[in-house]
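>>> any chance you could fold what I've pasted below:
(chains A and B)
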Number of protein chains: 2
Amino acid sequence: MSLLQDVDTFTLARGFRATATACGLKPSGALDLALIAADRSCSAAGMFTTNRVKAAPVRYNQRILEHNAHSIRAIITNSGMANACTGDQGMADAEQMAALTAYGLHCQPDEILVLSTGVIGKHLEMDKLTQGIAEVTAITATEDTPSAARAIMTTDTRPKVAGQDLHIGGETISVRGICKGSGMIHPNMATMLALITTDASIEPSLLQQSLRYAVQRSFNRISVDGDTSTNDTVFLLASGASGTYITENELTEFNKALTEVCISLAKQIVNDGEGATRLVEIIVTGAVDEAQAHVVANSIARSPLVKTAIHGGDPNWGRILCAAGYSGAAIDSDRLTLAFGPPAEIVTVVEEGLPTDYDERDAATALRGNPVYVRLDLGLGAVQTTVWTCDLSTDYIRINALYTT
Amino acid sequence: MSLLQDVDTFTLARGFRATATACGLKPSGALDLALIAADRSCSAAGMFTTNRVKAAPVRYNQRILEHNAHSIRAIITNSGMANACTGDQGMADAEQMAALTAYGLHCQPDEILVLSTGVIGKHLEMDKLTQGIAEVTAITATEDTPSAARAIMTTDTRPKVAGQDLHIGGETISVRGICKGSGMIHPNMATMLALITTDASIEPSLLQQSLRYAVQRSFNRISVDGDTSTNDTVFLLASGASGTYITENELTEFNKALTEVCISLAKQIVNDGEGATRLVEIIVTGAVDEAQAHVVANSIARSPLVKTAIHGGDPNWGRILCAAGYSGAAIDSDRLTLAFGPPAEIVTVVEEGLPTDYDERDAATALRGNPVYVRLDLGLGAVQTTVWTCDLSTDYIRINALYTT
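Reported below is the predicted structural model:
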């Protein structure tokens, strides 16, 4: 089944509708408020930033999902300001956003999840939000996911959507998500948010298990600059509108479709990194366990020297071995084998710790593709992993140095 | 006692002489071979890279110091190639460098320490080194530390030296060091090397203890891009030429002088970072223990978003709190207090987790000084630490992307 990625024709799963408006939080006048609402109560699951500095909506949502994950009706999301480092007032504002949304949708405040993304340390402009929330909750006939995908953007250059279907007992179940993230984790102006819906019927603990599985294989495997935002959140809502139940028996199938959607969204974030010109896929094989594979892959993905070399199309393998070496994993430098290039044109540059007599031009060609494939075999075991990052360009510096609070 | 930092008049401690030559390893014809030789056997201590991919000379030196730390006569150092990822041949070459130096100095090969820095994955050009080593060991009358400090450079823009004296029982003891490092840890072309001498008489285990103390407070507190090289090494040789013994009783005094020398050298490395325009001093206070203080300080020092903001002179405090938050340390975001500026002009921008009503212009001025001071109080305990880094500029990317192997 091929992925749905066309923004203009994109819709959420059955049982959900999306609306959006511009309430004035963004000085540009662009869309800045999105509502995803369900016809009836949904199961909900969430994964949140591990940052100790958590924005008010993150703490609010964690509290809601602890006791009410079986009965969620909507997610209200604003862009423009992150409601982070805003103290008690920030929490009161998040609660107020939920209350206003609940009022408009005729449900309870604790059936509403709340997301904010944008500038840190500024209080939400509640007058504008009050107006905006009244507007988006009043629209009941329209379904406009493309606008919602645009309304949650901050420094993103394009909206991001992904959908996949699966078949259970002759019935079609769909998984449909939107996300935002400027590629770089950009804590002062942005964050990474994903809002995923399905029309399957799944009880909350199973839904959470499924979301954790998918996030670990997607959003937790992308790195742009190693900065983890105060607001990062992934939500998964299940409406049950398909009438099909997912139990332990169908979970593998469901996890597969959900993971495909999450990987697509995650790669779209890295691809849209500010200043990024190329997607980089780092494949670490031959590890003794998952932890080792991850530590090595993430160390390579995070190395500014590796990322600048890739930006320059330079097959600078010493930097990659070096990043593997200081990762903290117990690797053996005499067993490392490193190659570049897509499956059909693999160029091996290091074999068992020593450079091969590879052709410099072939290696340079492999480093100039998009995506760029970096393949490191540790020669120690049978476990492998893949992570995604992007190159590091002068534009990254320019955008981040010149952005003024 | 003020530090000695003038290159042109710099000499090593009594009992040592330095010589240098250009043996042709650098295509430019610049100095690329340095010898530091002692009149008689020295105590020696060494600290080495924690990278699992260790260059041949690192492994060679570790072996020598294990059994012969009481009797070292010289350090031979080449720049141009790192002798890393060079397999068995690399180890044979390192041993041969030691043997050639021992032959020229009429001592035993296991009395020689060996350093290499430069390109990874290329074998040493032993014909040129044979010639060069014969040359530098033949010069016995000259003492030319400034040339030795230049000969160990790779991408450094200037030589780095530091000296300090201390007085024990009416006698003067000197600590004199040279180092190289392009600021960034630059594994394909460079590494961080420091060669420190003293004319004190200290037995090897005490010398090692002293070096560990100083390195933990200096070279282990600098970060440019988080990349740890395959060759990083700090050596400390004690000639005893002053006739003054350092025992446990005098160790505090000696540690103080040695640490001052190491901090000066470490800061010179950060200051000379490719593309760096400003030194950044990150002071974390109010931690419960050293580990917590370090984890937070290093997370801030490593964040590309913090470093680009400083490059742009932007008081983007959200990025600093965010980096503290994702450091992994158990901080409390409601207790964080953040300030910028030198001691006399401190501008507090966040107090107990919330922004103050600071003057934007004052904060921007503080961020445009050199050094830039970042002061984060965790509000949890009484422990503090300081680390140093530099800003991240477009020149860093340009230099690293365009460098071709």
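>>> next one, pLDDT for A:Val284 please.
You'll see A:Val284 listed with a pLDDT of 97.
>>> look at it and give its secondary structure.
The three-state label for A:Val284, taken from DSSP: H, G, I helix; E, B strand; the rest coil, comes out as strand.
>>> quick one, what contacts it?
Contacts for A:Val284 were tallied using Cβ atoms under 8 Å, 6 or more residues apart in numbering or on different chains; they are A:293-294, A:296-297, A:300, A:376-378, A:384-387. (Glycine included, C-beta is placed from N, CA and C.)
>>> what's the answer for A:Ser242, then?
Counting by Cβ under 8 Å, 6+ apart, A:Ser242 makes contact with A:13-14, A:171-174, A:199-201.
>>> can you do 10 Å?
A:13-15, A:168, A:171-174, A:198-201 (Cβ atoms under 10 Å, 6 or more residues apart in numbering or on different chains).
>>> about what we covered before: chain B next: which of the contacts of A:Val284 are close?
The residues of the contacts of A:Val284 that also fall near chain B, by Cβ under 10 Å from any Cβ of the partner chain, are A:Val296.
>>> filter the contacts of A:Val284 down to just the ones in helices.
With helices taken from DSSP state H, the overlap with the contacts of A:Val284 comprises A:293-294, A:296-297, A:300.
>>> now neighbour count and pLDDT too, for the residues you listed, in CSV please.
Putting the ones in helices among the contacts of A:Val284 into CSV (neighbours: other Cβ atoms under 10 Å in any protein chain shown; pLDDT from 0 to 100) gives the following:
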residue, neighbour count, pLDDT
A:Ala293, 25, 95
A:His294, 20, 91
A:Val296, 26, 95
A:Ala297, 28, 94
A:Ile300, 24, 93
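>>> tabulate those residues (TSV), appending distance to A:Ala330.
Compiled in TSV, the ones in helices among the contacts of A:Val284 are given as follows (distance: Cβ to Cβ, whole Å):
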residue	distance to A:Ala330
A:Ala293	12
A:His294	14
A:Val296	10
A:Ala297	15
A:Ile300	16
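>>> how is chain A divided into domains?
A:16-270, A:279-402 (automatic domain parsing).
>>> figure out which of these is closest to B:Ser333.
Taking Cβ to Cβ as the measure, the domains of chain A were each checked against B:Ser333, and domain A:16-270 came out nearest at 4.2 Å.
>>> distance between the ends of the closest one?
When the termini of domain A:16-270 are compared using Cα to Cα, to the nearest Å, they are 27 Å apart.
>>> got it, and stretch A:337-354?
Between the opening and closing residues of stretch A:337-354 lies a distance of 8 Å (Cα to Cα).
>>> so which elements touch the helix or strand of chain A with the lowest mean pLDDT?
Averaged element by element with mean pLDDT, DSSP states H and E, chain A has its least confident helix or strand at helix A:394-402 (a mean of 73). With contacts taken as 3 or more Cβ pairs under 10 Å, 6 or more residues apart in numbering or on different chains; DSSP states H and E, helix A:394-402 sits against helix A:304-311, helix B:304-311, helix B:394-402.
>>> go again with 8 Å.
Packing contacts for helix A:394-402, counted by 3 or more Cβ pairs under 8 Å, 6 or more residues apart in numbering or on different chains; DSSP states H and E, involve helix B:304-311, helix B:394-402.
>>> can you list these in CSV and add mean neighbour count?
CSV is the format used below for the helices and strands packed on helix A:394-402 (neighbours: other Cβ atoms under 10 Å in any protein chain shown):
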stretch, mean neighbour count
helix B:304-311, 28
helix B:394-402, 21
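>>> TSV for these, including distance to B:Asp289?
Formatted as TSV, the entries for the helices and strands packed on helix A:394-402 read as follows, by distance: least, Cβ to Cβ, whole Å:
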stretch	distance to B:Asp289
helix B:304-311	23
helix B:394-402	33
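>>> could you point out which of these sits nearest B:Ala138?
Going by Cβ to Cβ, the one of the helices and strands packed on helix A:394-402 nearest B:Ala138 is helix B:394-402, 37.2 Å.
>>> residues contacting that closest one, please?
Helix B:394-402 is contacted from outside by A:304-305, A:308-309, A:311-312, A:314, A:392-394, A:396-398, A:401, B:155, B:184, B:186, B:225, B:273-276, using Cβ under 8 Å, 6+ apart.
>>> CA atoms only for that helix, dumped as CSV, please.
As requested, the backbone C-alpha atoms of helix B:394-402 are provided in CSV (Å, rounded to 0.1, in the frame of the first residue of the first chain):
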residue,chain,number,x,y,z
THR,B,394,29.3,30.3,9.0
ASP,B,395,33.0,30.1,8.7
TYR,B,396,33.0,26.9,10.7
ILE,B,397,30.7,25.3,8.1
ARG,B,398,32.6,26.8,5.2
ILE,B,399,36.0,25.5,6.4
ASN,B,400,34.7,22.0,7.2
ALA,B,401,32.4,21.5,4.2
LEU,B,402,35.0,22.7,1.7
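>>> tilt between that helix and helix A:394-402?
With axes from the mean of the first three to the mean of the last three Cα atoms, to 10 degrees defining the directions, helix B:394-402 sits at 170 degrees from helix A:394-402.
>>> how far off centre is helix B:394-402?
The offset between the C-alpha centroid of helix B:394-402 and the centroid of the whole chain comes to 22 Å, using Cα atoms, centre = their mean, to the nearest Å.
>>> swap in stretch A:235-251?
Distance, centroid of stretch A:235-251 to centroid of chain: 21 Å (Cα atoms, centre = their mean).
>>> stretch A:9-18 too?
For stretch A:9-18, the distance to the chain centre is 19 Å (Cα atoms, centre = their mean).
>>> same question, stretch A:83-95
On the basis of Cα atoms, centre = their mean, stretch A:83-95 sits 24 Å off its chain's mean C-alpha point.
>>> what about that stretch and chain B, touching?
Yes: Stretch A:83-95 lies in contact with chain B when judged by Cβ under 8 Å from any Cβ of the partner chain; the contacting residues are A:84-87.
>>> show the buried residues in those.
When burial is judged by neighbour count using 16 or more other Cβ atoms under 10 Å in any protein chain shown, the buried members of those are A:84-86.
>>> could the residues of stretch A:83-95 next to chain B go into TSV alongside secondary structure and pLDDT?
TSV is the format used below for these (DSSP: H, G, I helix; E, B strand; the rest coil; pLDDT from 0 to 100):
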residue	secondary structure	pLDDT
A:Ala84	coil	90
A:Cys85	coil	88
A:Thr86	coil	91
A:Gly87	helix	91
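>>> and of those residues, the nearest to chain B?
Ranked by distance to chain B (Cβ to the nearest Cβ), those are led by A:Gly87 at 4.9 Å.
>>> ok, that closest one touching B:Leu354?
Yes: contact criterion Cβ atoms under 8 Å: A:Gly87 and B:Leu354 qualify, at 4.9 Å.
>>> okay, now A:Thr385: neighbour count?
Here the neighbour count serves as a burial measure; for A:Thr385 (other Cβ atoms under 10 Å in any protein chain shown) it reads 20.
>>> so how far is A:Val306 from it?
For A:Thr385, the distance to A:Val306 (Cβ to Cβ, to the nearest Å) stands at 17 Å.
>>> show me which residues of the stretch 201-350 of chain A sit near chain B.
Contact residues of the stretch 201-350 of chain A with respect to chain B, defined by Cβ under 8 Å from any Cβ, are listed as A:225-230, A:302-305, A:308-309, A:311-312, A:314-319, A:321-327, A:329-334, A:336, A:350.
>>> can you select the buried ones from the residues you listed in ChimeraX?
With 16+ other Cβ under 10 Å as the burial test, the buried ones among those are selected in ChimeraX as follows:
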select /A:225,226,227,228,229,230,302,303,304,305,308,309,311,312,314,315,316,317,318,319,321,322,323,324,325,326,327,329,331,333,336,350
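>>> do a quick rundown of the helices in the stretch 51-200 of chain A.
Using DSSP state H, counting those that start in this stretch, the helices of the stretch 51-200 of chain A run over A:56-68, A:87-105, A:126-138, A:145-151.
>>> so which of those helices is the most surrounded?
Burial of the helices of the stretch 51-200 of chain A is given as mean neighbour count (mean count of other Cβ atoms under 10 Å in any protein chain shown); helix A:145-151 ranks first at a mean of 24.
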